[in-house]
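**Q** missing the sequence, but the structure's below:
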């Protein structure tokens, strides 16, 4: 390889096969964003006359936005979506693209109220995705109690439930994380708590017996409550039950896409 070949920017050369690339970017990178560490995935498209992307320009844009001074006293979806918008805007200036997107994932530190009113610190898995629209998702752990209790038999198990909301970025920015968590807690038979003494345990079991639900019921409840709370948004609901008497998990998933006109909540 000659010095001229090294100095020439091969990324801007035409490829041997002029085929456009739908997505190319970086993933698996963990960076600090305000009070959290988030795994980042960024992608852009590439026209058929370009051989490759300038990864350094993508990383430079990400680094500059991550180092920008911000007020992080209370972490919100607005903070994270505006961070994503800033990164994509900088990449657009440096690199150019027709379509691009960014995804963040990690854990949200929050305070949770226990069954008897005591506060505890928890962390919830989250996702933020931004392209033409914005998507936010949060997941909590809880429990489900099998409705078979009505017939004299029952079992309970730990479950994970998540709600995802997609819509116009400016509208999604205003969604409160606590509202999404509340929907999940109300949809499960019970939330999960780290500090449980005898009186708390009694209260949790009483709540579970009042809200006996299959995971299908949990997903339906999430969608109904989501449509009521966030009209006009696309709602995605998931639930995974870690079965206590069977050697496998059970999962359920649905969305409001084709169901909105048929749902009665």
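**A** The structure has been received and is ready for your questions. What you see is a predicted model; the values in this text were computed from it and never measured.
**Q** could you use CA atoms for every contact and neighbour count after this?
**A** Will do.
**Q** so, low pLDDT: which residues of this protein?
**A** Low-confidence segments of the chain, defined by pLDDT under 70: 1-8, 114-117, 149-154, 195-196, 204, 244-246, 258-265.
**Q** please redo it, this time with the cut-off set to 80
**A** When residues are selected by pLDDT under 80, those of the chain lie in 1-15, 70-73, 112-120, 146-156, 191-210, 242-248, 258-265.
**Q** can you spell out the domain ranges of it, please?
**A** The chain is divided into the following domains under automatic domain parsing: 12-109, 133-265.
**Q** element containing residue 125, please.
**A** Assigning secondary structure by DSSP states H and E places residue 125 in strand 119-130.
**Q** redo the domains of the chain as JSON lines? Include mean neighbour count and distance to residue 120.
**A** Below are the domains of the chain laid out as JSON lines (neighbours: other C-alpha atoms under 10 Å; distance: least, C-alpha to C-alpha, whole Å):
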{"stretch": "domain 12-109", "mean neighbour count": "16", "distance to residue 120": "11"}
{"stretch": "domain 133-265", "mean neighbour count": "18", "distance to residue 120": "8"}
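**Q** can you show me the helices along the chain?
**A** Secondary structure of the chain, counting by DSSP state H: helices at 3-7, 55-67, 77-94, 169-172, 177-187, 198-210, 215-229.
**Q** hang on, the earlier thing: any idea which of the domains of the chain gets closest to residue 121?
**A** domain 12-109 (7.1 Å; C-alpha to C-alpha).
**Q** before we move on, the earlier item: CSV for the domains of the chain, including distance to residue 123?
**A** Output for these, formatted as CSV (distance: least, C-alpha to C-alpha, whole Å):
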stretch, distance to residue 123
domain 12-109, 4
domain 133-265, 9
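**Q** and the helices of the chain as CSV, adding distance to residue 43?
**A** Below are the helices of the chain laid out as CSV (distance: least, C-alpha to C-alpha, whole Å):
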stretch, distance to residue 43
helix 3-7, 26
helix 55-67, 9
helix 77-94, 9
helix 169-172, 18
helix 177-187, 26
helix 198-210, 43
helix 215-229, 29
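**Q** ok, back up a step: check which helices and strands the strand holding residue 125 sits against.
**A** helix 77-94, strand 100-113, strand 134-145 (3 or more C-alpha pairs under 8 Å, 6 or more residues apart in numbering; DSSP states H and E).
**Q** dump these into TSV; add distance to residue 68 as well.
**A** Formatted as TSV, these follow (distance: least, C-alpha to C-alpha, whole Å):
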stretch	distance to residue 68
helix 77-94	9
strand 100-113	17
strand 134-145	22
